[in-house]
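Engineer: Could you look at this predicted model? Sequence included:
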Amino acid sequence: MKPFSDFNSKLDILFTDIDDTLTTDGRLPAQSYEMLWKLQNAGVAVVPVTGRPAGWCEMIARLWPVLGVVGENGALAFQYKNKKMHRTFIVDEDTRLNNAQKLQTIRDEVLHSVPGAAVASDQFTRLFDLAIDFCEDVPPLDKKAIAQIVAIFEKHGATAKVSSIHVNGWFGDYDKRSMCETFYENNFSKKLSDNLESAGFVGDSPNDEPLFAFFENSFAVANILEFKNELATLPRFVASEKGGLGFVQIGQQILHCR
């Protein structure tokens, strides 16, 4: 990993994680939100990419200075354009409802088997996945307990990803990367994979590793150093600050290169 200040390319679009990347200690600092506006005003489109739920994405797409938002780990993308909300979903309604029943079975097993685990407080606004809280609103669970949660999801044939606060699980072969590619192509009528020199991604944790591997211009806030030994693919550039302040550092460098 190189210091963020070594980055020297021009970006037109920036995909970014939210929790512990834009936020610090669970809150969105004024500096992070201001940087979103600065990037937009400079011609850099920003697209949050998150495990957070559809309900959050509706608000973010409508109120934040962003081109759109990819949510629930790639199950959906929302974009507010010309005073209309445009929604892309990965599966049809019948499939979603069938998957929801299977996730309920997993939910019951996790809560019975893993003391201290809880359903995430934002679950009621989710459409496609199940989020199990291991440190956001509950006392932090250890790595063994987190691994047990992942194992329960996988035993039932679900995909499970560990973020900085939740284990998110779902049925289907979609992911954040595939929806980023779909969102980009829908907006620009060209493939993201053919235009990576002008695109970037910012993350903070192991569940961002597939995007670190995909994007030529991959960044992380300093939180990533806690997971350095767990990652096969590291981001190319890293900020010296954690969370929102790290995002601001990266944003400033991107603006400097404009």
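Structural biologist: Sure thing, it's come through.

Engineer: Quick check: pLDDT value at R126.
Structural biologist: pLDDT, R126: 97.

Engineer: Now do the contacts for R107.
Structural biologist: Counting by CB atoms under 8 Å, 6 or more residues apart in numbering, R107 touches V119, L130, I132. Where you see a C-beta, it was placed from the backbone N, CA and C, and this is true even at glycine.

Engineer: quick one, what contacts the spatially closest residue to the second one that is not a sequence neighbour?
Structural biologist: Pointing back at L130 there. The shortest distance from L130 to any non-neighbouring residue, by CB to CB, 6 or more residues apart in numbering, is to L103 (4.3 Å). Neighbour list for L103: D129, L130, A158, G169, W170, F171 [criterion: CB under 8 Å, 6+ apart].

Engineer: what do you get for L255?
Structural biologist: Counting by CB under 8 Å, 6+ apart, L255 touches K38, L39, A42, V44.

Engineer: possible to save these as CSV with neighbour count?
Structural biologist: Listed next are the contacts of L255 as CSV, based on neighbours: other CB atoms under 10 Å:
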residue, neighbour count
K38, 16
L39, 23
A42, 12
V44, 22
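
Engineer: Do a quick rundown of the strands in this protein.
Structural biologist: 2-3, 13-16, 45-48, 69-71, 76-81, 84-89, 118-119, 130-133, 159-162, 166-170, 199-203, 217-220, 237-238 (DSSP state E).

Engineer: between the contacts of R107, which is closest to K176?
Structural biologist: Nearest to K176 among these, counting by CB to CB, is L130 at 16.7 Å.

Engineer: Give me the number of neighbouring residues for the closest one.
Structural biologist: Applying other CB atoms under 10 Å, we find 25 other residues in the vicinity of L130.

Engineer: F237 now?
Structural biologist: The number of residues packed near F237 is 20, by other CB under 10 Å.

Engineer: Beta-bridge partners for it, please?
Structural biologist: On the basis of DSSP bridges, F237 is bridged to K2, F219.

Engineer: quick one: contacts of stretch 127-141?
Structural biologist: 26, 51, 53-54, 72-73, 75-76, 89-91, 96, 99, 103, 106-107, 110, 114, 116-123, 145-146, 149, 153, 164-170, 172.

Engineer: Which members of the contacts of L103 are the farthest-apart pair?
Structural biologist: L130 and F171 (9.8 Å).

Engineer: ok, which stretches of the stretch 51-200 of the chain are helices?
Structural biologist: 54-63, 93-113, 143-155, 176-188 (DSSP state H, counting those that start in this stretch).
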